[in-house]
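*Asks:* Give me coordinates for this.
(one chain, ligands or ions: 1)
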Amino acid sequence: MRPITTQTLFSLQFSGDPQFSPDGQSIVYVKTTINQEENKYQSQICKYDRKTGRDIPFTQGLAQDKLPKFSQDGSYLAFVSTRSGTPQLFVMLTDGGEPKQLTFFKKGVKSYSWMPNNQLVVAARKDDANEKSDVRVVNTLRYRGNGYGFYGDEPIHLWLVQVDGSGPQQITDGNFDETDPTVSPDGKKIAFVSWREENQVEVTPSLYTVDLDTGLIDLTYQGKGSVSHPVYSPNGKWIAFFGHEHGEDSGYNTELWVVSTGSGEARSLSRSLDRPVGNQVGTDARYETAEVSPIWDMDSQKIYFTATHEGDVYVYSVTLDEKIQKETPGDTQVVTSFSYHSGVIAYAKETPASPAELYLQQNKEIQQITYHNTPLFKSLTVSVPERTKFQARDGLEINGWLLKPPGFSSDQRYPLVLEIHGGPHSSYGNTFLHEFQVLANSGYIVLYTNPRGSHGYGEAFVRGSIGDWGGKDYEDLIDAVDAVARLPYVDRNNLFVTGGSYGGYMTNWMVAHTHIFKAAVTQRSICNLHSMIGTSDIGFWFNVKELDGADIWEDEEFILSRSPIRYANRVQTPVKIIHSEEDFRCPMEQAEQWFTALKRLGVETELVRFPNENHDLSRNGQPEHRVERLDHIVGWFNQYLGNKE
Ligand SMILES: CC(=O)N[C@@H](C)C(=O)N[C@@H](C)C(=O)N[C@@H](C)C(=O)O
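*Replies:* Numbers count the residues shown, from 1 in each chain. As a prediction, the model looks like this:
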C-alpha cells in the first residue's frame with residue numbers, strides 16, 4: 001500500500017453525466033482523465049450496454065467531449081466537444097462512425113437540446129461583427145465572468161441546427177442573453193431563460209417561449225429570483241425548472257418549480273423539503289461537465305431531481321401534488337448527476353472513499369457499473385472520515401468530519417488542519433476530497449465542518465451568516481477547533497488553518513482574531529469587502545446581499561469592520577497567500593492588499609501567484625498547477641510544524 005500524495009491527482013478518473021438511450025438499453029456517460037504529459041484534461045464519451053455489461057469508449061476523448069444527448073428516435077448522439085479549439089456541437093450515428101461538426105461559433109456553444117424531427121436548438125453567443133481591435137470598450141456592468149473571461153458585445157441567442165450540417169438559423173435576436181433551451185413535445189415551441197432588464201444592477205432571469213411558426217416570444221414566467229434548467233413535461237402541459245423568488249441571492253434554497261403552459265400558474269413543488277436542489281457539496285476530486293436538469297417521468301406526473309441534505313446529495317422525486325420521495329437509499333453519498341428511464345435510475349455517485357463511479361438502481365436494487373478508480377485505490381491508503389457534531393454557543397448544532405492519518409493510533413498526538421469551505425453557501429460532505437487525503441497521508445488530522453451559512457441544513461441555517469461575516473460563523477469554527485483540540489490525540493500546539501474564497505476570508509479573519517494557529521494558507525481569498533464590491537465580477541450584488549444590504553457609500557464603516565484588512569496589524573501567524581492571476585471572483589487585488597499589509601507589518605508571509613488560472617484553480621486548474629498548489633500547502637504547514645507533543 002502507498003500513501004495518497006499530491007501526484008495522485010494525475011491518476012484520478014472522474015465519471016458523470018449518464019444519459020439513457022430512448023430504448024433504455026444503453027447509457028452514455030462522460031469519463032474525464034488527466035493527460036499528465038500534456039498537462040490537460042481529456043473527457044471522452046463512453047457507452048454502457050445494459051444487456052452485455054460492456055462499457056466501451058464511444059469517442060476518442062483527445063480533447064473534451066461532454067453533454068452527450070440521444071436524439072428522440074435514438075438514431076443520433078449529439079455532444080459538445082472542444083476538439084476544434086472551442087466548445088462546438090457535434091453529432092454522430094449511435095451505430096458509430098465519424099462525428100460531424102455542426103456549429104462554428106467563435107465563442108462556442110453554451111447549451112443545446114434536441115427537437116422532435118432530428119433538428120437541434122443551440123444557445124450560442126453571436127460572433128462579434130466588429131472584433132477588429134484588441135481594445136475593449138466596456139459599457140455594461142456584467143461584462144466578465146470568472147472562468148469565462150470578457151463576454152464581449154454580442155449576446156447569447158438561440159439557433160436552429162440540422163443534423164446534415166445546414167444552418168445555423170438564428171431564432172432569437174436583441175440585446176439580451178438567452179440560454180437553457182427546452183423544446184415542446186410537438187416541436188413547435190422553445191422555452192428558454194433570459195434576462196431582459198435594461199439596467200444591469202439587479203437582474204432576475206425569466207422564462208420565455210418562442211413560437212417557431214410565428215417567431216413571437218411570450219413571457220411564460222416572470223422571474224423573481226433564480227430561474228434555470230427548464231424542461232417541458234412529455235404532455236406539454238408543464239415546464240419544470242429550478243429557481244427561487246429571492247432576487248440574486250445565493251443564500252436561499254433553490255427549489256423545484258413548475259409553471260403551467262396553459263394558465264401560467266407557477267409554484268414550488270419542493271419547498272416542504274427545505275433543502276437546496278442540486279449538488280451543494282464541494283470537492284477538488286470532481287470534473288463536472290453535466291447540466292443536471294429536472295427529469296419528468298413519461299406520464300408527466302412525477303419529476304426527478306437531486307437535492308443536498310446534511311453533506312449528502314440524493315435523488316428525489318416529487319409529484320404534482322407535492323408528494324416528495326427520496327429515491328436513492330442510505331446516506332454517505334453525493335450524487336453528482338443522474339438519468340431516469342422507466343423506473344431505472346442511472347447515477348454518478350461520489351463517496352468518502354472514491355471519486356464518482358456510475359450505478360444503476362432498479363426497485364431499490366443497486367448495481368455499480370463502473371470501477372474506473374478501483375485498481376488505483378486498491379493500492380492506496382485511503383482514510384475514511386468520521387462524522388462529528390458540535391454545539392455552537394447559541395445551541396445551534398454544527399456538523400463536521402474528522403479525517404485521521406492512515407495507521408492512526410489514539411496513543412499518539414497529531415497536528416490538526418482546519419479546512420474551511422467557501423461560498424459561504426456551499427458545504428462539505430460525504431465525498432472524496434483529494435487535498436484532505438493528502439494532508440491525512442502527510443500525518444495531519446483534518447477537521448472540516450459546515451458552519452452556519454452552509455447549505456443542506458435548512459434555509460434558516462443558510463441565512464445564519466447573512467450580515468454577520470466574521471461573527472457567529474467565526475464562533476462556530478473556533479468553537480469546533482477548541483472542542484477537537486481537547487481530544488487526547490490532537491496536538492494543540494500544532495494547529496493549522498486553510499480555506500478558499502469565503503473560506504480564505506475566514507482564514508484571514510481567524511489569524512487576525514486568534515493566535516492559536518501555527519501557520520495558515522489563505523487561498524483565492526477576500527481581505528477587503530469594500531474594494532471587492534467594485535473589483536469582483538459579482539461583488540456589486542453578492543457582497544451587498546451577504547452583508548444584508550450594506551453598500552460602499554452609506555455603510556463603509558460596517559463593511560470595513562468586517563474586513564480582515566482592518567485587523568492586519570494583529571496578525572502574528574505565518575500566512576501563505578495563494579491566488580490566481582485571472583481570478584475575477586476574488587481578484588488578485590485582494591491578495592495583494594493582504595500580502596502588502598502583512599509584509600509591511602513584519603508577518604512571515606509569501607504570495608504565490610498562479611498565471612493563466614482563475615478562481616477555480618483547485619477544482620479544474622491545470623493539473624500541474626494543482627499539484628504545485630498542494631505542495632505549497634503541505635510544505636508551508638510542514639515548515640512550521642513544531643516539536644510534536
Ligand atoms: C453565485 C454566487 O453566489 N457565488 C458565490 C457562491 C461565490 O462565488 N462565492 C465566493 C466568494 C466563494 O466563496 N466561492 C466558493 C464557492 C469557492 O470555494 O470558490
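*Asks:* Going by residue numbers, what spans are helices in the stretch 401-550 of the chain?
*Replies:* If you assign secondary structure with DSSP state H, counting those that start in this stretch, the helices in the stretch 401-550 of the chain sit at 434-441, 459-462, 472-485, 502-511, 529-535, 539-546.
*Asks:* which residues sit against the third one?
*Replies:* The one in question is helix 472-485. Outside of helix 472-485, the residues within contact range by C-beta atoms under 8 Å, 6 or more residues apart in numbering are 388, 390-394, 396, 398, 400, 402, 416, 418, 420, 424, 445, 447, 449, 451-453, 464-465, 490, 492, 495, 506, 509-510, 513-514, 516. Bear in mind the C-beta positions are built from the backbone N, C-alpha and C, glycine included.
*Asks:* 6 Å instead?
*Replies:* Here helix 472-485 makes contact (C-beta atoms under 6 Å, 6 or more residues apart in numbering) with 390, 392-393, 398, 400, 418, 447, 449, 451-453, 465, 490, 492, 509.
*Asks:* Please check the residues you listed and keep the buried ones.
*Replies:* Buried members of the contacts of helix 472-485, scored by 16 or more other C-beta atoms under 10 Å, are 390, 392, 398, 400, 418, 447, 449, 451-453, 465, 490, 492, 509.
*Asks:* Please give me every residue in contact with the residue in the stretch 501-645 of the chain positioned nearest to the ligand.
*Replies:* Checking the stretch 501-645 of the chain residue by residue against the ligand with C-beta to the nearest ligand atom singles out residue 501 as nearest, at 3.0 Å. Residues in contact with residue 501, defined by C-beta under 6 Å, 6+ apart, are 422, 524, 586.
*Asks:* that older thread, nearest to the ligand, of the buried ones among the contacts of helix 472-485?
*Replies:* Each of the buried ones among the contacts of helix 472-485 was scored against the ligand by C-beta to the nearest ligand atom, and residue 453 proved nearest at 10.1 Å.
*Asks:* so that closest one sits right up against residue 424, yeah?
*Replies:* Yes: taking contacts as C-beta atoms under 6 Å, residue 453 lies within contact range of residue 424: 3.7 Å.
*Asks:* got any residues that touch both of the two?
*Replies:* Here residue 453 and residue 424 have residue 465 as joint contacts, going by C-beta under 6 Å, 6+ apart.
*Asks:* about what we covered before: Serialize the contacts of residue 501 to CSV and add fields for distance to the ligand and neighbour count.
*Replies:* What follows is these, written out as CSV (distance: C-beta to the nearest ligand atom, whole Å; neighbours: other C-beta atoms under 10 Å):
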residue, distance to the ligand, neighbour count
422, 3, 23
524, 6, 31
586, 6, 29
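*Asks:* nearest to residue 638, of the buried ones among the contacts of helix 472-485?
*Replies:* The shortest distance between residue 638 and any of the buried ones among the contacts of helix 472-485, using C-beta to C-beta, involves residue 418 and amounts to 16.5 Å.
*Asks:* Not counting sequence-adjacent ones, nearest residue to the closest one?
*Replies:* Nearest in space to residue 418, with sequence neighbours left out and distances taken as C-beta to C-beta, 6 or more residues apart in numbering, is residue 497 at 4.6 Å.
*Asks:* and the one you found, how many neighbours does it have?
*Replies:* Residues near residue 497, counting by other C-beta atoms under 10 Å, number 30.
*Asks:* Filter the contacts of helix 472-485 down to the ones in strands?
*Replies:* The subset of the contacts of helix 472-485 located in strands under the criterion DSSP state E comprises 390, 398, 400, 418, 447, 449, 490, 492.
*Asks:* Need the nearest residue in space to the last one, chain neighbours excluded.
*Replies:* Using C-beta to C-beta, 6+ apart and skipping the chain neighbours, the partner closest in space to residue 492 is residue 485 (4.1 Å).
*Asks:* was I right about residue 339 contacting residue 17?
*Replies:* No: Residue 339 sits out of contact with residue 17 when judged by C-beta under 6 Å, with a separation of 8.3 Å.
*Asks:* Around the ligand, pick out the residues from the stretch 201-350 of the chain.
*Replies:* Residues of the stretch 201-350 of the chain lying close to the ligand (C-beta under 6 Å from any ligand atom) are residue 250.
*Asks:* Point me to the residue of the stretch 201-350 of the chain nearest the ligand.
*Replies:* With C-beta to the nearest ligand atom as the measure, residue 250 is the residue of the stretch 201-350 of the chain nearest to the ligand, at 3.2 Å.
*Asks:* So that residue: helix, strand or coil?
*Replies:* coil (DSSP: H, G, I helix; E, B strand; the rest coil).
*Asks:* Same question for residue 315.
*Replies:* Here residue 315 is recorded as strand under three-state DSSP.
*Asks:* So it sits against residue 326, correct?
*Replies:* No: taking C-beta under 6 Å as the contact criterion, residue 315 and residue 326 are not neighbours in contact, 7.8 Å apart.
*Asks:* So those two - more neighbours on which side?
*Replies:* Between residue 315 and residue 326, counted using other C-beta under 10 Å, residue 315 has the larger neighbour count: 21 against 14.
*Asks:* low-scoring stretches of the protein, by residue?
*Replies:* 130-131, 643-645 (pLDDT under 70).
*Asks:* what residues does it put near the ligand?
*Replies:* 250, 422-423, 425-426, 500-502, 524, 538, 542, 585-586, 615.
*Asks:* Which of those residues has the largest number of neighbours?
*Replies:* Sorting the residues of the chain next to the ligand by how many neighbours each has (other C-beta under 10 Å) puts residue 524 first, at 31 neighbours.
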